[in-house]
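K.L.:
Based on what follows, work out the 3D shape:
(4 chains)
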Protein chains: 2
Amino acid sequence: MNSPGARKPNINTTAIDINDYFKVAISVDCVIFGFDDNTLKVLLIKCNLEEYKGCWSLLGDLVLPEEDLDTASYRVLKERTGLDDLYLEQVQTFGGLNRHPAGRVVTIAYYSLVNIRHHQLKLSDNELHWHPLKDIRTMAFDHKMILDASYSQLQKNIQEKPLVFKLLGNKFSLRELQNLYEAILCTKLDRRNFRKKISTMGLLIDINETESDVPHRPGKLYRFNHQKYQKELEKPDGKINKQ
Amino acid sequence: MNSPGARKPNINTTAIDINDYFKVAISVDCVIFGFDDNTLKVLLIKCNLEEYKGCWSLLGDLVLPEEDLDTASYRVLKERTGLDDLYLEQVQTFGGLNRHPAGRVVTIAYYSLVNIRHHQLKLSDNELHWHPLKDIRTMAFDHKMILDASYSQLQKNIQEKPLVFKLLGNKFSLRELQNLYEAILCTKLDRRNFRKKISTMGLLIDINETESDVPHRPGKLYRFNHQKYQKELEKPDGKINKQ
DNA sequence: TCAAAAGTGTTTCAGGTACACCCATGG
DNA sequence: CCATGGGTGTACCTGAAACACTTTTGA
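P.N.:
Model (predicted):
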């Protein structure tokens, strides 16, 4: 049937003019996670395509001819949230044949973590909305699949790297931090064990402040020690990056 | 500068004709791992492009207009190794501006695990060659980056799933299995602890055979219990897929 | 004084690591 | 009989999990 090893013209081995090839577009789609009201949320935009009228979609755009994939994602984030320097991670690429009504569009999915408070004011355009992750049932295109894949990857990643701090403000209580982990992992955690583990990792700074306006004993506030974490990353045999 | 939330025409929200867009090609590149001679190897092909004369490249090809990404990878594997049903996993997508001299080519990287013995006979075309992973210094295009990313992902994945058996024959000794883990992880493992761990996972079947032609006491041979592993995967709360 | 959450230690268990000796085979 | 790797068990350590009471604040 096939002839194994036969030398067909191939873009990796022989000269091919890609202009003779076919029409395909490349897009990026960003799953932007935020945490608010003890709930993990995702920023979505209303889709006006005839085929998906009224559905919500991820924030994405075509990649420009002279634009890197990561650059395109940062551009989308900047345009939609007004924020620079967000955490961004490539998740997976989706290239199903009929995933987009405009034609063949291959999309590279990213997820991003933002502090929802920093962003809130810029939501003037009300086609944009933060949706609780749990409430999202259907989406435009194959975006529900992309969301699911991104969320799974987020769940994995927060167990390996201290990413959650990107979802919180500068100051936070241990309760907030635990609520966030519980929201992402969909579990209940034991408070004592949780605090022990956090304190073992030694990356929080006690800023000698306490919560205010709470109808009970206020908790202490902490901030994440970025410097220390950076240094641990740079150590050749740090615990964090080992195997 | 930017206007956050402004409604620019966007492929996710408004109708756009992608034919008005730009020329880009999509390819897949497969990192095909094999294990032979106690060494982890990668199947490469000689590149005949002027720019990379004499360099080795990954096996890849343009994705056809009516072809899924996974389908394209399986096609490349089939064409080059003659083998069906190989294990295939998407790794990451590379879309740097000048990664390919033919123009803008965005490539989706996959890795695959094959039993090098099943394949060996089909290597009639000697532009194809198995290279020890350690010896590979430079490659055509950005393929060294792709290889590195794929290898990292392989190292991670074999600690989570019993993938290594796809690199071995049906029958194997515990020594072979350990050598394989050591080759992939680049470490030495304690023999007793290794055997204990393997036996704890309970996925090997003792086939009551022993090695032959070895100049010392022959080891027992085992095979991987696919059925049992499949069943564990299907359990809702199996150890393997938890989290 | 009550309600609500903050804060805190000990015990148990499982999995990982370190480590040394006798055994079976081929030459 | 010797060289080579096969095969095996125990002690220790670390990290995860289970679990309950006292303290502080606001209302």
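
K.L.:
can you tell me the distance between the two ends of stretch A:98-111?
P.N.:
When the termini of stretch A:98-111 are compared using C-alpha to C-alpha, to the nearest Å, they are 23 Å apart.

K.L.:
now do stretch A:115-128
P.N.:
Terminal residues of stretch A:115-128 are spaced 16 Å apart (C-alpha to C-alpha).

K.L.:
What of stretch A:183-203?
P.N.:
One end of stretch A:183-203 to the other measures 21 Å (C-alpha to C-alpha).

K.L.:
near DNA strand D at all, the strand or helix carrying residue A:228?
P.N.:
With elements taken from DSSP states H and E, the one containing residue A:228 is helix A:226-234. No: no part of helix A:226-234 sits near DNA strand D under the criterion C-beta under 7 Å from any atom of the strand; the closest distance found is 14.0 Å. Every residue, glycine included, has its C-beta placed from N, CA and C.

K.L.:
Is that helix positioned near chain B?
P.N.:
No: with C-beta under 8 Å from any C-beta of the partner chain as the criterion, chain B is not reached by helix A:226-234; the gap is at least 15.7 Å.

K.L.:
now swap in stretch A:71-91 and tell me
P.N.:
Yes: using C-beta under 8 Å from any C-beta, stretch A:71-91 reaches chain B at A:78-82, A:90.

K.L.:
Just these: which are in helices?
P.N.:
Applying DSSP state H to the residues of stretch A:71-91 next to chain B, the entries found in helices are A:78-81.

K.L.:
Tabulate the residues you listed (a markdown table), appending distance to residue A:234, neighbour count and pLDDT.
P.N.:
Listed next are those as a markdown table, based on distance: C-beta to C-beta, whole Å; neighbours: other C-beta atoms under 10 Å in any protein chain shown; pLDDT from 0 to 100:
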| residue | distance to residue A:234 | neighbour count | pLDDT |
| --- | --- | --- | --- |
| A:78 | 28 | 16 | 93 |
| A:79 | 33 | 17 | 89 |
| A:80 | 33 | 25 | 85 |
| A:81 | 29 | 26 | 87 |
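
K.L.:
Off-centre distance for the helix holding residue A:228?
P.N.:
Going by C-alpha atoms, centre = their mean, to the nearest Å, the spacing between the C-alpha centre of helix A:226-234 and its chain's C-alpha centre is 22 Å.

K.L.:
Report the buried residues of that helix.
P.N.:
Using 16 or more other C-beta atoms under 10 Å in any protein chain shown as the burial criterion, the residues of helix A:226-234 that qualify are A:229, A:232.

K.L.:
Stretch A:131-146 now?
P.N.:
A:131, A:133, A:136, A:139-144, A:146.

K.L.:
Run through who's touching it.
P.N.:
Stretch A:131-146 is contacted by residues A:29, A:31, A:33, A:39-44, A:47, A:49, A:51-52, A:55-58, A:91-92, A:94, A:96, A:99-100, A:107, A:109, A:147, A:151, B:12 when judged by C-beta atoms under 8 Å, 6 or more residues apart in numbering or on different chains.

K.L.:
With stretch A:64-74 instead?
P.N.:
Counting by C-beta under 8 Å, 6+ apart, stretch A:64-74 makes contact with A:26, A:28, A:30, A:61-63, A:75, A:84, A:86, A:88, A:90, A:108, A:110, A:112, B:22-24, B:93-97, B:104, B:106, all of which sit outside it.

K.L.:
Inside strands: which ones of those?
P.N.:
By the criterion of DSSP state E, membership of the contacts of stretch A:64-74 in strands covers A:26, A:28, A:30, A:61-62, A:88, A:90, A:108, A:110, A:112, B:93-94, B:106.

K.L.:
contacting residues for the spatially closest residue to residue A:105 that is not a sequence neighbour?
P.N.:
Once its chain neighbours are removed from consideration, residue A:105 has its nearest residue in residue A:25; the separation is 4.7 Å (C-beta to C-beta, 6 or more residues apart in numbering or on different chains). Neighbour list for residue A:25: A:62, A:102-106, B:11, B:18, B:21, B:24 [criterion: C-beta under 8 Å, 6+ apart].

K.L.:
out of these, who's nearest residue A:202?
P.N.:
Sorting the contacts of residue A:25 by how near they are to residue A:202, with C-beta to C-beta, puts residue A:106 at the top with 43.0 Å.

K.L.:
Check which helices and strands the lowest-mean-pLDDT helix or strand in chain A is in contact with.
P.N.:
Least confident helix or strand of chain A, by mean pLDDT, DSSP states H and E, is helix A:116-119 with a mean of 83. Counting by 3 or more C-beta pairs under 8 Å, 6 or more residues apart in numbering or on different chains; DSSP states H and E, the packing neighbours recorded for helix A:116-119 are strand A:25-36.

K.L.:
could you give the angle of the strand it packs on to strand A:87-94?
P.N.:
Computed by axes from the mean of the first three to the mean of the last three C-alpha atoms, to 10 degrees, the angle separating strand A:25-36 from strand A:87-94 equals 130 degrees.

K.L.:
what comes up buried for strand A:25-36?
P.N.:
A:25-35.

K.L.:
ok, now which ones touch the residue in chain A that DNA strand D sits nearest to?
P.N.:
When distances are taken as C-beta to the nearest atom of the strand, chain A approaches DNA strand D most closely through residue A:217, which lies 2.6 Å from it. With C-beta under 8 Å, 6+ apart as the criterion, no residue contacts residue A:217.

K.L.:
Pull the distance from the helix or strand residue A:181 falls within to the chain's centre.
P.N.:
Secondary-structure assignment from DSSP H and E places residue A:181 in helix A:174-185. Averaging C-alpha coordinates over helix A:174-185 and over its chain gives two centres that are 17 Å apart (C-alpha atoms, centre = their mean).
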